[in-house]
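> Give me a model of this one.
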Amino acid sequence: MNKQEVLRRMRNALSDDVVPPVRFTRRASLFSKLSRMRTRLGKSIKKRLKKIEGLIAKPFRRMRDRLSRPFQQCLSLLEQILAEQSQLGRRQEELLSLQKRTALDVRAQVSDLRRACASVLERAASTDATEVEILSHPAIQAERRCRICEGPLAFQWTLPVLHGRYQTDYSECVHCRSLLVTNPNWLSAAYRREAMPLLDNPDQGRFKRNLTVYSYLRAFAQSGVIERDPSLLDYGGGYGLLAAMLRNAGIEAWQYDQYIDQPFLAEKNHINDLSLIPDGTFDVVTAFEVLEHLVAPHEAGRDWRRILKPNGVLVLTTGLYRSGEHDASWPYLSTEFGQHVTLWSDGGISHFAERYGFRSVGYLGWAIVLSPQPVTALQASLERAAQSLSQPGFWGTITQCWELDRTAAPVATEAPTSHPSGACRREAA
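Residues are numbered from 1 along each chain as shown. A predicted model of the protein is given here:
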């Protein structure tokens with residue numbers, strides 16, 4: 001077939017508008033069969049879907065009927081809990097306002113009631129979380145409260161303590177920003193050997209710290225931060241070294257430590273039971289490196305406030321936790337010995353001072369002073385104390401009371417003939 005024949009046939013095909021009827025008939029038959037198949041398939045699917053729906057709906061209806069009553073009970077319980085929380089919140093605000101208007105004795109009673117309300121609120125929050133699973137931030141521990149200000153805690157990290165024998169969680173208070181150990185269940189083991197004589201001294205800074213504290217207290221007495229001749233209780237005083245030093249300086253100093261029954265350096269001026277001490281006995285209470293050990297700081301706070309005179313002063317030292325700056329590597333956590341469980345912040349100290357009626361908080365070096373003086377008066381007294389500490393002859397002044405012989409003239413003699421010369425050379429060396 002040549003090219004012209006092909007072109008002719010193509011023109012004839014294009015000019016012919018009639019489509020062979022066989023094609024239309026075949027297409028119609030195919031469409032009809034496809035429509036019938038689609039109809040049958042749709043009916044089959046509908047029947048099966050209805051059957052599946054019946055199989056699924058029946059147990060779900062049973063489950064719905066069975067669980068409807070517990071859900072209604074949970075909802076009513078939730079409404080009761082929320083109402084109790086609202087009522088407790090209003091009651092707590094009333095107690096806080098009442099605390100600011102009352103005297104120091106009433107403050108202690110109000111603090112007990114606040115703690116009782118906080119415990120009820122803690123139980124309500126715990127029930128709320130377990131029964132209805134209210135969603136909250138995963139780091140906030142609603143069931144745990146700050147032992148300083150009763151604010152909620154946010155988990156920070158987990159560390160091994162007491163030579164790796166225990167694992168403990170550290171959480172930060174959302175309100176006062178203090179750091180707390182939430183589960184200190186090893187303290188009996190940590191303090192087991194506290195009063196026993198040891199072959200080595202784990203606290204290498206004990207003597208330096210007591211000498212420094214002694215100098216601070218003498219400077220405070222000279223500058224008016226505390227009374228010039230105060231009656232003083234050293235709370236958590238260990239073996240009584242500071243109390244003995246103050247006694248030698250003519251200051252009426254007493255010692256108390258719940259973990260040491262017989263402090264060999266303060267045997268005659270040791271207090272075994274603080275409950276036997278009359279109210280308003282002391283001008284000053286000192287607690288050096290004690291706050292971080294307290295599991296119930298407000299029990300100690302009530303004791304301190306009770307035995308202090310109305311114008312008494314509380315002098316503390318502790319390592320202050322700074323949120324965002326200190327982390328799990330902070331040495332003051334002292335995880336090896338496992339006794340530091342409450343790491344205070346500036347906000348925690350301020351809350352503590354306000355709760356127990358101190359008008360101002362002052363800082364000098366690492367000493368923290370809670371005072372009844374106004375802020376301006378305390379600031380002026382601390383500045384005078386800092387000047388006293390910087391004077392060259394200050395140490396000579398505060399150690400004159402220790403009966404040091406400053407008039408003796410140096411004398412050298414021949415070695416006794418009864419001693420071997422080698423022994424004399426070793427002594428001289």
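> now for the helix or strand hosting Leu159, which elements pack on it?
Applying DSSP states H and E as the criterion places Leu159 in strand 152-161. Judged by 3 or more Cβ pairs under 8 Å, 6 or more residues apart in numbering; DSSP states H and E, strand 152-161 is in contact with strand 140-145, strand 166-173. Any C-beta I mention is one placed from the backbone N, CA and C, and that applies to glycine too.
> who's in contact with that strand?
137, 139-142, 144-146, 166-175, 179-180, 182, 186, 327-328, 333, 335-336, 338 (Cβ atoms under 8 Å, 6 or more residues apart in numbering).
> ok, back up a step: is it possible to get JSON lines of the helices and strands packed on strand 152-161 that adds distance to Gln255 and mean neighbour count?
Shown next, in JSON lines, are the helices and strands packed on strand 152-161 (distance: least, Cβ to Cβ, whole Å; neighbours: other Cβ atoms under 10 Å):
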{"stretch": "strand 140-145", "distance to Gln255": "33", "mean neighbour count": "18"}
{"stretch": "strand 166-173", "distance to Gln255": "30", "mean neighbour count": "20"}
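> now the angle between strand 166-173 and the strand holding Leu159, please.
Counting by axes from the mean of the first three to the mean of the last three Cα atoms, to 10 degrees, strand 152-161 lies at 150 degrees to strand 166-173.
> buried residues in strand 152-161?
Residues 152-154, 156, 159, 161 are the ones in strand 152-161 that count as buried (16 or more other Cβ atoms under 10 Å).
> quick revisit: take the helices and strands packed on strand 152-161 and lay them out in a markdown table including distance to Gln85.
Shown next, in a markdown table, are these (distance: least, Cβ to Cβ, whole Å):
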| stretch | distance to Gln85 |
| --- | --- |
| strand 140-145 | 11 |
| strand 166-173 | 20 |
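> can you put these in a markdown table and add mean pLDDT and distance to Ile251?
As requested, the helices and strands packed on strand 152-161 are exported to a markdown table (pLDDT from 0 to 100; distance: least, Cβ to Cβ, whole Å):
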| stretch | mean pLDDT | distance to Ile251 |
| --- | --- | --- |
| strand 140-145 | 65 | 39 |
| strand 166-173 | 94 | 36 |
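> out of these, which comes closest to Glu94?
Glu94 sits nearest to strand 140-145 of all the helices and strands packed on strand 152-161, at 19.3 Å, using Cβ to Cβ.
> ranges for the helices of the stretch 301-429 of the chain?
Per DSSP state H, counting those that start in this stretch, the stretch 301-429 of the chain carries helices over the ranges 346-355, 375-390, 394-398, 421-428.
> Which stretch among those helices is buried most, on average?
helix 346-355 (a mean of 20; mean count of other Cβ atoms under 10 Å).
> which strands and helices sit next to that one?
The contact analysis (3+ Cβ pairs under 8 Å, 6+ apart) places helix 346-355 against helix 297-307, strand 360-364, strand 367-371.
> how big is the angle separating that helix from strand 367-371?
Put simply, helix 346-355 runs at 30 degrees to strand 367-371, going by the same axes, to 10 degrees.
> Can you tell me which of the helices and strands packed on helix 346-355 is most buried?
Mean neighbours per residue, mean count of other Cβ under 10 Å, is largest over the helices and strands packed on helix 346-355 for strand 367-371, with a mean of 23.
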